[in-house]
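**Q** Below is the sequence, then the predicted model.
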Amino acid sequence: MTTAPTSTTSGVRRTVGLRPLITEADLPPARHFIDGNFAEGSTERVIDVVDPCSEAVIARIPEGTAEDIDRAVTAAVAAKAGWARRVPKERSELLHAIADRLAENTDLLSRLESANTGKPLAVSQDDVAMTIDTFRFMAGAVRATTSMSAGDYAENHLSLILREPVGVVGVVTPWNYPLLMAAWKIAPILAAGNTLVLKPSEQTPLTTLKLAEIVDDLLPPGVLNVVNGHGAVVGARLAEHPDVDMIALTGSVGSGRAVARAASDSLKRVHLELGGKAPVVIFSDADLSAAASSLRVAGFWNSGQECGAACRVLVHESVAGQFIEQLVDEVSALVVGEPQAGEDVEVGPMVSKAHFDRVTGYLERAKKEGVRVATGGAALDGPGYFVAPTVLVEVPEGAEVAREEIFGPVITVETFIDEDEAVRRANGVPLGLSASVWTENARRSHDIAARLDFGTVWVNSHLVLAGEVPWGGFKGSGYGRDLSIYALDDYSRTKHVMHNHGR
Ligand code: NAD
């Protein structure tokens, strides 16, 4: 880490002097990656890639078109039979080789990710570590995945169950964890024997292109393709393309709807990891200081731009005052700053001006609605899109900030009087990605976890993930699972072959 001098003004720790996180030499080729080559786009148009700490343009990538997607899909179709024929051991070895390459490039990938997203280096380093682990897990899992025994289930008929790849998978990824979300798709998709065309977020393409650059000699041409561009053009073409067998998107609910609609004509499979609004249900017997210190991380990791963020506290009214005091102590001590301004930086900027406006818009409207700001509550001085870590209290049931995904460094606090009210209100949002329950009572923790309508429920914890366990939502948070053998299942199809052997 840097030892560059720093200064803190208006709550943002800045690096003083010229010490850029990346140099020109660190950037990936500003092109698409199609059929094993970095390729020019079909037009001259470009998209600016911006550093959200300085607001400077750090790269320009080609603005892809439907034609670029079509070229990439043609390459993925051509590569599909050869890749599918490889036995699991071969695919596994390749995924391990990718993991090794990523590990060799940990420092570069972390710096690139932080330069493009503004996230603290500790977060980028964690992203890269989990990216590597995702490839290693899928490399192992694909060799250990077996299916139901072959046997006679109808008289004189032998049944074999084959697990096949789905074919060509289209992938669309978001800006909050650009490399990690790419890995959550690429690793199981390749492990299961599919080829893919991936469109990274137009705001954060650098680490995905870098991944393509550092593994391009490992994979056969056409197995992995990356096309840059806007969702409504390039993403939409992927979703509707008749030769794409499945489309997987991590992104907002609106993009999920658009993708599902575009996919409906060809009836391709759809896999959606969408937004979250995680309730944190704290009972009167909970360890309040453990909850408060856990929320310092789980609410503000990645600057709150996290689909599983612990953003909506529901606390029993008898302990609300005490809990809020502890939470405010934790949140007001968070260190906000640029990625290279010290290892202790915990919170960075919002990813873009548009997102910064969106988050501060929520704060302004909440204040007008009479919600009380316990700490933070406004933007911090620029340059850059920094927002103060915020706790909002006296939030009435149904308030906009308690209902909608803000996706920033903001925790709201509501109170409840009994279990039924806690469960009803926790479930009373259209999203169902993740939730947590805080209580020392084992019977209660089990019962409440069972009644919560969320794909992941933590008990006395929040935002702890592992490669072995599935991640994905219910209701408006989409369907399909990332991570674990459930992701391998999602990217595979099952074929039953039945032999009549009666004589
Ligand atoms: P977004 O929906 O704006 O963009 C996501 C991707 O979808 C981008 O690549 C974008 O270009 C593309 N896209 C947009 N419109 C499209 C269309 N019509 N057709 C095809 N593609 C389209 O989301 P974002 O702002 O990048 O990311 C934040 C959202 O992602 C949040 O809602 C967050 O909760 C969600 N997210 C969910 C998970 C999860 O695992 N459930 C993980 C990370 C982020």
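**A** Good, I have the coordinates.

**Q** So which residues on the stretch 351-500 of the chain come close to the ligand?
**A** Glu405, Phe407, Leu433, Trp471, Gly473, Ser477 (C-beta under 6 Å from any ligand atom). The C-beta positions use only the backbone N, C-alpha and C, and glycine is treated the same way.

**Q** Thought Ala278 was touching the third one, still the case?
**A** Same thing as Leu433. Yes. Leu433 lies in contact with Ala278 (C-beta atoms under 8 Å); the separation is 6.6 Å.

**Q** Now render the residues of the stretch 351-500 of the chain next to the ligand as CSV, adding neighbour count, secondary structure and pLDDT.
**A** CSV is the format used below for those (neighbours: other C-beta atoms under 10 Å; DSSP: H, G, I helix; E, B strand; the rest coil; pLDDT from 0 to 100):
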residue, neighbour count, secondary structure, pLDDT
Glu405, 23, coil, 98
Phe407, 25, coil, 98
Leu433, 25, coil, 98
Trp471, 21, strand, 98
Gly473, 25, coil, 98
Ser477, 26, coil, 98
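
**Q** Would you agree Ala84 is in contact with Gly193?
**A** Yes. Here Ala84 reaches Gly193: they are 4.4 Å apart, a contact under C-beta under 8 Å.

**Q** quick one: common contacting residues for the two?
**A** Shared contacts of Ala84 and Gly193, defined by C-beta atoms under 8 Å, 6 or more residues apart in numbering, comprise Glu164, Pro165.

**Q** Who has more neighbours out of those two?
**A** Set side by side, Ala84 and Gly193 show more neighbours around Gly193, with 22 against 16, by other C-beta atoms under 10 Å.

**Q** Just the pLDDT for the closest residue to the more buried one other than its chain neighbours.
**A** Spatial nearest neighbour of Gly193, excluding adjacent residues (C-beta to C-beta, 6 or more residues apart in numbering): Pro165 at 3.5 Å. For Pro165, the pLDDT comes out at 98.

**Q** Could you do the one 4 residues further on as well?
**A** pLDDT, Val169: 99.

**Q** Tell me who's in contact with it.
**A** Lys185, Ile189, Asn194, Thr195, Leu196, Val197, Val244, Asp245, Met246, Ile247, Ala248, Tyr491.

**Q** Bridged to it, which residues?
**A** Going by DSSP bridges, Val169 is paired in beta bridges with Leu196, Met246.

**Q** Wait, Lys80 touches Ala192, no?
**A** No. Using C-beta under 8 Å, Lys80 is not in contact with Ala192; the gap is 12.0 Å.

**Q** Those two: who's more crowded?
**A** Higher neighbour count among Lys80 and Ala192: Ala192, with 26 against 22, using other C-beta under 10 Å.

**Q** buried stuff in stretch 27-35?
**A** Residues Leu27, Pro28, Ala30, Arg31, His32, Phe33, Ile34, Asp35 are the ones in stretch 27-35 that count as buried (16 or more other C-beta atoms under 10 Å).

**Q** Off-centre distance for that stretch?
**A** Relative to its parent chain, stretch 27-35 has a centroid offset of 22 Å by C-alpha atoms, centre = their mean, to the nearest Å.

**Q** residues from the stretch 51-200 of the chain in reach of the ligand?
**A** Val172, Thr173, Pro174, Trp175, Asn176, Met181, Lys199.

**Q** Who wins on neighbours among those residues?
**A** Most surrounded of these: other C-beta under 10 Å gives Lys199, at 31 neighbours.

**Q** Can you name the residues that contact that one?
**A** Residues near Lys199 by C-beta under 8 Å, 6+ apart: 64, 69, 170-173, 226-229, 231, 234-235, 238.
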